[in-house]
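1. This is a predicted model, with the sequence first.
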Amino acid sequence: MFQLLYKVTSPGVIEEFVDTVDLEENKVLVKVDYMAICKADIRYYLGLRDPAILNQKYPLAPIHEAVGHVVKDNSGKYKIGDKVILIPNSVDEKYLKDFENKRCEREDLGNNYAIHSTFRSSSSDGFLKQFYVAESNLLVKYDDKIPAKLAVFSELLSVAVAGLRRIDFKETDHVAIFGDGILAYITYIVFRHDHPNTKLTVYGIDKNKLAMFEGVEARTYEEYNGEKYDTMIEIVGGKYSADAINKMIDWATVGADLILMGVSEEKVPLNTRLVLEKGLSLKGVTRSDNKDFEHVAKILEDEEVQKKILPMVLSEIKINSVNDIYEAYKKDIENKTIIGKNIMKW
Amino acid sequence: MNIALILAAGTGSRMGNADKPKQFLLVHGKPLMVHTIEAFEVNPDVDKIVISTNEEYIDEVKLMCKQYDLTKVCKVVAGGATRQISVFNGLMGVKAVGAQDDDIIIIHDSARPLISQRIIRENIECCKEYGAVDTVVKATDTIVKSEDAKTISDIPVRSELYQGQTPQTFKYSVIMEAHESVKNKEIPNVTDDTKLVLLLGHKVHLVEGDKLNFKITTFDDLMMLKALLKIGKTEVL
């Protein structure tokens, strides 16, 4: 079968390509139902990366946040109609033997950090097409009762799960999230679900966004009251990374864990003297793996979690042509004030 | 019930020396018609598929359906010398698989493999409402009419002109009545089913097609399809 695949070919330009759909042995044919645009997709679309890198990437089909349902299955693992989350990362096991990848064996890290692992919409084409042929282990089934428009946030949820998985903390610890954007909100949802009794504080700059973080202390930086934290999660990124991470270093208890999840294209100057003095640990988190997605499928069954995700669905855009895709990008790029996404469906 | 009727009885007479009808030519390792049928096979709104093909290829088509796991294909019938006969025989096949008056019949050329899911969906939705639907694209070139093939006799207003594609989709009762009304009659200049339905006095509604939903009729068309596939395979570095 043939279908259209949409690729970013140069900054601001999305073109149609004819793609083939071949269901090979042991693979699964999935009809993609919902897709969401990530900040990384926007950076590729706007050309906000080093031109040398961009020239190697284009043409590239965007989108790594997607859910669908099984249309045909040659793996024997799924039933027709099963609702599934699409996993965007995959690893060629042969590279795991390389010296530089040997730490991927660690439970808290995972194979997806391996050099040469591939990630949809970054190092291989993304999910911006109606049908996707998947390896059976790159799908995770989710409950039929969970609305697909909420499940489309699974990849973001999985990154939050992966971030929290890197921390070995006690329930009595004081935890703070730095950031009031969408991934910060998603991390708050996962944290509240997994650790309902742990004290959590959220710091940001936008009071309207902070108001969405219900049931926890949500403050602006100016409202800081001198409290210290055992675990802090940075989800700021960009040009404000340095300020946020240095505040985290200042506000950390001795031996605290700092998790860095915000993406910055620039190098970030840090107060390393204080990092040394306090014996702090900094860990980078950006990639989730299969077990994180499996955990997300369970989290999504919680109606409280669904209730918190629903306001993030800003609109549903039906994709009939490339013009609708431009419209979805435009809306997400212009949205600076509300936590959420304009999700796309076929 | 929504039943796709795939027309695969063409002879490929406009494909030069090809020793098989065009719908059987291999493109990307599969017969062209398989690519087309797969688009209906994976569509959740299509319940059954009937194929009307050349009599001598019936067994080959049945085998093909098995080989490519086309599970919705439930009948393969012999087509005829003209499109009208092939559709009528296909409708007999549709009747044999239990079609009722209100069921929707989506008639599509097997040589249009770039049919999109949107076009199939909109055909079905529009047919539910109006009973008869044609897929069209707006004419972008000026169309010139010549009655003697030497001089222009008219230049119709372009904004009123469309090019017909398939699917053409009808309620079973409507398309059967149209075909029964001209059975055993040779109606000149009938190249598709909408014309027969119009002859009944029934309105036919339009669904927007797509230029990519072109018909593989000549070697140029085949070359165009292969070129599109080649461009689509451009890999990420």
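-> Here it is on my side, so go on.
2. Listing request: residues of chain B with sub-threshold pLDDT.
-> B:12-18, B:188-189, B:234-237 (pLDDT under 70).
3. for it, what spans make up the helices?
-> B:32-41, B:58-67, B:83-96, B:117-130, B:172-181, B:193-199, B:219-232 (DSSP state H).
4. Around chain B, pick out the residues from chain A.
-> Applying CB under 8 Å from any CB of the partner chain, we find that chain A lies next to chain B at A:1-5, A:16-23, A:29, A:31, A:56-57, A:59-60, A:71-72, A:123-125, A:130-131, A:320, A:346. For every residue, glycine as well, the C-beta is placed using N, CA and C.
5. Separate out the buried members of these.
-> A:1-5, A:16-21, A:23, A:29, A:31, A:59-60, A:71-72, A:123-125, A:130-131, A:320, A:346 (16 or more other CB atoms under 10 Å in any protein chain shown).
6. In strands, which of these fall?
-> Using DSSP state E to define strands, the subset of those located there is A:2-5, A:16-20, A:29, A:31, A:71-72, A:131.
7. Farthest pair within those residues?
-> Farthest pair in those (CB to CB) is A:Glu16 and A:Lys72. Separation: 24.5 Å.
8. Would you mind naming what in chain B lies close to chain A?
-> B:28-29, B:35, B:38-39, B:41-42, B:44, B:69, B:113-114, B:116-118, B:212, B:225, B:228-229, B:231-234, B:236-237.
9. Quick one: buried ones out of those?
-> If we count by 16+ other CB under 10 Å, these have these buried: B:28, B:35, B:38-39, B:41-42, B:113-114, B:116-118, B:212, B:225, B:228-229, B:232, B:236.
10. How is chain A divided into domains?
-> Here the domain parsing of chain A from automatic domain parsing is A:2-158+A:287-345, A:167-284.
11. Could you tell me the end-to-end distance of the first one?
-> So that's domain A:2-158+A:287-345. End-to-end span of domain A:2-158+A:287-345 (CA to CA, to the nearest Å): 19 Å.
12. same question, stretch A:34-43
-> End-to-end distance for stretch A:34-43: 21 Å, by CA to CA.
13. Just the mean pLDDT for that stretch, thanks.
-> For stretch A:34-43, the per-residue pLDDT values average out at 95.
14. Now do the buried residues in that stretch.
-> Buried residues in stretch A:34-43, defined by neighbour count with 16+ other CB under 10 Å: A:Tyr34, A:Met35, A:Ala36, A:Ile37, A:Cys38, A:Ala40, A:Asp41.
15. does the fifth one really touch A:His64, like I thought?
-> What it means is A:Cys38. Yes - under the criterion of CB atoms under 8 Å, A:Cys38 makes contact with A:His64 at 6.3 Å.
16. Quickly list what's touching both of these two.
-> The contact sets of A:Cys38 and A:His64 overlap at A:Ser121, A:Glu155 (CB atoms under 8 Å, 6 or more residues apart in numbering or on different chains).
17. what's near enough to touch the closest residue to A:Asn89 other than its chain neighbours?
-> With CB to CB, 6 or more residues apart in numbering or on different chains as the criterion, A:Asn89 has its nearest non-adjacent residue at 4.5 Å, and that residue is A:Asn112. Contacts of A:Asn112 were listed using CB under 8 Å, 6+ apart, and they are A:Asn89, A:Val91, A:Cys104, A:Phe119, A:Arg287, A:Ser288, A:Asp289.
18. What of B:Tyr130?
-> B:Lys203, B:Val204, B:His205.
19. Same list (the residues you listed) but as TSV, adding distance to A:Asn197 and neighbour count.
-> As requested, the contacts of B:Tyr130 are exported to TSV (distance: CB to CB, whole Å; neighbours: other CB atoms under 10 Å in any protein chain shown):
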residue	distance to A:Asn197	neighbour count
B:Lys203	66	9
B:Val204	66	19
B:His205	61	14
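20. Out of those residues, flag the one nearest to A:Lys308.
-> Checking those one by one against A:Lys308 (CB to CB), the nearest turns out to be B:His205, at 43.8 Å.
21. how close does B:Leu70 get to B:Asp59?
-> Relative to B:Asp59, B:Leu70 is positioned 15 Å away (criterion: CB to CB, to the nearest Å).
22. The two: which is more packed in?
-> Neighbours were counted for B:Leu70 and for B:Asp59 using other CB atoms under 10 Å in any protein chain shown; B:Leu70 has more, 19 against 10.
23. Make sure the more buried one is actually in contact with B:Val34.
-> Yes - if you go by CB under 8 Å, B:Leu70 and B:Val34 touch, sitting 7.3 Å apart.
24. which neighbours do those two share?
-> Counting by CB under 8 Å, 6+ apart, the common neighbours of B:Leu70 and B:Val34 are B:Met64.
25. for the lengthiest strand in chain B, which positions count as buried?
-> Ranked by residue count under DSSP E, the longest strand found in chain B is strand B:162-171. Residues B:Tyr162, B:Gln165, B:Thr166, B:Pro167, B:Gln168, B:Thr169, B:Phe170, B:Lys171 are the ones in strand B:162-171 that count as buried (16+ other CB under 10 Å).
26. what do you get for stretch B:177-192?
-> Neighbour counts over stretch B:177-192 (16+ other CB under 10 Å) mark B:Glu177, B:Ala178, B:His179, B:Val182, B:Val190, B:Asp192 as buried.
27. cool, stretch A:184-193 as well?
-> Along stretch A:184-193, these residues count as buried under the neighbour rule (16+ other CB under 10 Å): A:Ala184, A:Tyr185, A:Ile186, A:Thr187, A:Tyr188, A:Ile189, A:Val190, A:Phe191, A:Arg192, A:His193.
28. ok, so of the residues you listed, who is nearest chain B?
-> Using CB to the nearest CB, A:Ile186 comes nearest to chain B of the buried residues of stretch A:184-193, at 27.5 Å.
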